[in-house]
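Enquirer: got a predicted structure here, sequence first:
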Amino acid sequence: MNLIIENVGKRYGGGNWALRNFTLQSGPGVLGLLGPNGAGKTTLMSILATITRATEGRVLWNGTDLASNPDLLRSTLGYLPQDFGVYPNLNAVEFLEYLAAVKGLDSAASKKRIDELLNVVNLADVRKRPLGSYSGGMKQRVGIAQALLNDPQLLIVDEPTAGLDPEERVRFRNLLSELSGERIVILSTHIVSDVEATATDIALISQGTLVAHASPELLLQRVEGRVWEWVLPSAELNAARQHYLISNTARRSDGVHARVLGDSPPAGAQPVTPNLEDAYLYCLSQHRAGVAA
Amino acid sequence: MNAPRVLYHMVRADFLERVRRYSFLVTLAAALLLAYAVATEKVWLVVGDGYRGVYNSAWIGALMTVCCSTFLSLAGFYIVKNSLLRDADTRVGQILAATPMRKDFYTFAKTLSNFAVLACMVVILMLAALVMQRIHGEAHSFSLWKLWAPFIFLALPAMLLTASVAVLFETLPVLRGGVGNVVYFFLWTAAIALVAAGVDDPTGLQLLYRSTRSTLHALNPGGPENFSFSLTIGGERAVRTFPWSGIDWTPNVLLVRLLWIAVAAGLALLASVFFHRFDPARSWRKTRSQAPTTALEPSSVDRAVPLSPPVPITAAHLTPLARTSANSRFPQLVMSELRLMLKGQRWWWYATVAGLLVGQVVSPARDVRSGFLIAAWIWPIFLWSQMGCRDARYNTGALLFSSARSLTRQLPALWTAGVLVALLTGGGTGTRLLLAADWHSFEAWFAGALFIPSLALALGIWSGSSKAFEALFIAWWYIGPAHQLPGLDFMGTTPASSSPGIYALAAALLLAAGYWRRRQSLGYA
């Protein structure tokens, strides 16, 4: 089971390239796709989900080009778009039964699957309520359930935890971790903690290009020895921001504790263990500096 | 608050948002097509005993204005009846609702924005009128006043009224959707019928009627008693001409036109009474079964996150799914589409279908097709009108079109479900024709059952909205089957008016058009 993205580019009307020369290969596990707003994550997801066609390059699913046979992937694809709707008059069971039929699942198997899925996403108690009465988080969970209907080999989820409360977010992360052993899961988000909790591989994307593709451990190694905690008076914080990349601040009784990213520390700063957010910010700043140069 | 400035910016923003949409270009193209049809004498105004006016400024202005007042007051309604819905869908409405904006300001601004769109089309026809006088040039004198005065005093107030009715309909829950589209058609028909009743109608046709009648009567005092006034499309041309110098714009005439403007303003204000500032409790896509969300689950904001979760946060195990062939599930998919279509219908909807079916079975043979079948095949209009555009309306396209063979399975299943609705609701007629071995009539009935969902599917896919089908179908149904007009009678209500071959072919072409369009819209077909 493998997914190969070769030199993929996508140009929209007006000549704007949302994605350019994007190359990546992925196998079973969770691939976390991280990037700032407008980086091209959703465009890449749409291409992989066969919703839109790449302007250039190709995508291979188990060696078959999507352009020649998109249904090969679709039959084993689960897709949760960032923005989707539901039919408000149907309840969760009816909506999932409908999508199961569209996906070609037989009636008996889909009924059992829907029961399981509604338990998994914690909607069993409200299964008979019309979807029009669901909250945003509940609709999101219906979306998660529909993506898993056909037991997909490729699961693409775009901002899946948006609108979920903390408990449901943890539940979803656990579910992704459990599912990832036997399939490729592509998780697009700008919430670093979601990726940190589940991803076996991370792709950083910015301005439509791939900035980095590595395991979380390798990304963390890149910022090893480059993250510092610096305590400074709050009045000096704005001036410090002009000279250093500060990823986080916390006000304490002894001043502002600033988390500084850089090759050399400010005077008096102490080294700290980097986290994935540090790695993300460091890689992006390096990339932007490279582009600017 | 600087009221005129706020109003100006509200109208301006809404107008700019509309004119930058592709659909506005289509609307302008339609206006140009109408202007071309009039200028090239495809559309005629015939008065009296086969007369038309000499092509002078007054007559050309009147002719173009009649087209504006009639065609645009009907089609224009369906074009502009989406301004509040767009604010609801884009969530801009919620932002506006959180500002100090007054409700009457909002509905008045939306009326003016609707009017601006319709006025654009009127301006195109005003310019076309100039060109038309150059082309035909039957009269040497030219008067811009006589050419454009009917547009200003007749067409523009009619457009303002159309604009305000559209806003009023959008604020009324009952008339917001398809029911409003159908109701407006009959309202428009009634307004046009006011001409025959001698009432000063909103379109201003009565003024033209009176003016041309008095002119012809002065020219030919011994003429026939009955005076006709008809707008003819591609029909028999007028054989005689008469000089007509236009409507005398007396203070009384202008006062009546001002009255219609006042009515339009009143309707815009009335709309503000029903407008609820996008209150989610009176939601714009609300369904009858909707219950307050907070009763089911508090939002994460107002629910305190417990320190220790009440239930273990573990992922339940999912049983691996056995893979089966998708092709064998087509009947199941058809039933799913049918269930989706029928979902939400109340008991009285089914009771009416049952009543119409019984009527088809027990009524005298001559009344079945011209009575009960006509009613039976207008009743499911809102089921058919959702075909092809439901995914756009509810934003489920990404879920559907990322499934395997959606084009070759889901689309045919949707069409089949639409045909099944036609066959079931008109089943009494079909069964009787079959038992009577009336093959020609049966073919016409069956072609109708194929044609209606095909038209709905194609228009739904192409327009992305249910309005196109609702507006066209109700007008077609009224002109064709209800009046048994040969050529337009897609239901084949009488042997003389039925054309099964044509409508079966049309069904196939419409289905192909829908398929082609859907294929184009999918990234990977």
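Expert: That came through, no problem. Since the structure is predicted, the reported quantities are computational estimates derived from the model, not experimental observations.

Enquirer: so what's the residue of the stretch 101-250 of chain B found nearest chain A up against?
Expert: Nearest residue of the stretch 101-250 of chain B to chain A: residue B:177, at 12.9 Å (CB to the nearest CB). From N, CA and C alone the C-beta is placed, and that goes for glycine too. Residue B:177 makes contact with B:382, B:466, according to CB atoms under 8 Å, 6 or more residues apart in numbering or on different chains.

Enquirer: what does residue A:269 give?
Expert: A:228-230, A:260.

Enquirer: measure it to residue B:126 for me?
Expert: To residue B:126, residue A:269 is 74 Å away according to CB to CB, to the nearest Å.

Enquirer: and the gap between residue B:362 and chain A?
Expert: Residue B:362 sits at a distance of 33 Å from chain A (criterion: CB to the nearest CB, to the nearest Å).

Enquirer: count of residues packed around that residue?
Expert: Neighbour count of residue B:362, defined by other CB atoms under 10 Å in any protein chain shown: 11.

Enquirer: looking at chain B, which helix or strand is least sure?
Expert: strand B:229-233 (a mean of 74; mean pLDDT, DSSP states H and E).

Enquirer: packing partners for it?
Expert: Judged by 3 or more CB pairs under 8 Å, 6 or more residues apart in numbering or on different chains; DSSP states H and E, the packing partners of strand B:229-233 are strand B:43-47, helix B:205-219.

Enquirer: if you set the cut-off to 6 Å instead, what comes out?
Expert: With contacts defined as 3 or more CB pairs under 6 Å, 6 or more residues apart in numbering or on different chains; DSSP states H and E, strand B:229-233 has these neighbours: strand B:43-47.

Enquirer: what's the following helix or strand after the strand it packs on?
Expert: Heading C-terminal from strand B:43-47, the first helix or strand you meet, by DSSP states H and E, is strand B:51-53.

Enquirer: that next one: how far from the chain's middle?
Expert: When distances are taken as CA atoms, centre = their mean, to the nearest Å, strand B:51-53 is centred 32 Å away from the chain's centroid.

Enquirer: who touches that strand?
Expert: With contacts defined as CB atoms under 6 Å, 6 or more residues apart in numbering or on different chains, strand B:51-53 is touched by B:59, B:238, B:240-242, B:244.

Enquirer: let's see that with 8 Å instead.
Expert: Strand B:51-53 is contacted by residues B:44-47, B:59, B:62-63, B:212, B:216, B:237-238, B:240-244 when judged by CB under 8 Å, 6+ apart.

Enquirer: quick check: mean pLDDT of that strand?
Expert: The pLDDT scores in strand B:51-53 average 86.

Enquirer: what does stretch B:349-359 give?
Expert: On average, stretch B:349-359 scores 92.

Enquirer: where in the stretch 151-293 of chain A is pLDDT low?
Expert: Low-confidence segments of the stretch 151-293 of chain A, defined by pLDDT under 70: A:292-293.

Enquirer: what are the ranges of the helices in it?
Expert: With DSSP state H, counting those that start in this stretch as the definition, the stretch 151-293 of chain A shows helices at residue ranges A:166-179, A:192-198, A:216-222, A:237-243, A:276-292.

Enquirer: residues of the third one that come out buried?
Expert: Counting neighbours by 16 or more other CB atoms under 10 Å in any protein chain shown, one finds that the buried residues in helix A:216-222 are A:216, A:219-220, A:222.

Enquirer: where do the domain boundaries of the chain fall?
Expert: You didn't pick a chain, so chain A it is. Split into domains by automatic domain parsing, chain A comes to A:3-215, A:221-292.

Enquirer: chain B was what I was after
Expert: Taken from automatic domain parsing, chain B resolves into B:3-282, B:330-521.

Enquirer: would you mind finding the most buried of those domains?
Expert: Across these, the average number of neighbours (mean count of other CB atoms under 10 Å in any protein chain shown) peaks for domain B:330-521, which reaches a mean of 20.

Enquirer: measure that one end to end?
Expert: 23 Å (CA to CA, to the nearest Å).

Enquirer: for the buried residues of helix A:216-222, which one is nearest chain B?
Expert: Using CB to the nearest CB, residue A:216 comes nearest to chain B of those, at 20.4 Å.

Enquirer: enumerate every residue touching that closest one.
Expert: Contacts for residue A:216 (CB under 8 Å, 6+ apart) come out as A:195-196, A:199-200, A:202, A:276, A:279.

Enquirer: those: which two are farthest apart?
Expert: Distance extremes for those: the farthest pair is A:200 and A:279 at 15.3 Å, using CB to CB.

Enquirer: before we move on, back to that, among the contacts of residue A:269, which ones lie close to chain B?
Expert: Among these, no residue sits close to chain B (CB under 8 Å from any CB of the partner chain).

Enquirer: so which of these are in strands?
Expert: Among the contacts of residue A:269, the members falling in strands (DSSP state E) are A:228-230, A:260.

Enquirer: who wins for most neighbours among the residues you listed?
Expert: Counting neighbours by other CB under 10 Å, residue A:260 leads those with 24 neighbours.

Enquirer: where does the residue in chain A that chain B sits nearest to land on pLDDT?
Expert: Nearest residue of chain A to chain B, counting by CB to the nearest CB: residue A:104, 2.5 Å away. Listed pLDDT for residue A:104 reads 83.

Enquirer: hang on, it in a strand?
Expert: No. Residue A:104 sits outside any strand when classified using DSSP: H, G, I helix; E, B strand; the rest coil, being coil.

Enquirer: okay, now it: neighbour count?
Expert: Neighbour count of residue A:104, defined by other CB under 10 Å: 25.

Enquirer: likewise for residue A:125?
Expert: Counted with other CB under 10 Å, residues neighbouring residue A:125 total 11.

Enquirer: any stretches of the stretch 1-150 of chain A with poor pLDDT?
Expert: Scanning the stretch 1-150 of chain A for pLDDT under 70 picks out no residues.

Enquirer: mind running it again at 80?
Expert: Counting by pLDDT under 80, the stretch 1-150 of chain A shows low-confidence ranges at A:13-14.

Enquirer: just the strands in it please.
Expert: For the stretch 1-150 of chain A, strands defined by DSSP state E, counting those that start in this stretch occupy the ranges A:3-11, A:17-26, A:29-34, A:56-61, A:64-65, A:77-80.

Enquirer: I'd like those strands as JSON lines, with distance to residue B:473 and mean neighbour count appended.
Expert: Below are those laid out as JSON lines (distance: least, CB to CB, whole Å; neighbours: other CB atoms under 10 Å in any protein chain shown):
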{"stretch": "strand A:3-11", "distance to residue B:473": "39", "mean neighbour count": "19"}
{"stretch": "strand A:17-26", "distance to residue B:473": "40", "mean neighbour count": "19"}
{"stretch": "strand A:29-34", "distance to residue B:473": "46", "mean neighbour count": "25"}
{"stretch": "strand A:56-61", "distance to residue B:473": "42", "mean neighbour count": "18"}
{"stretch": "strand A:64-65", "distance to residue B:473": "43", "mean neighbour count": "14"}
{"stretch": "strand A:77-80", "distance to residue B:473": "34", "mean neighbour count": "25"}
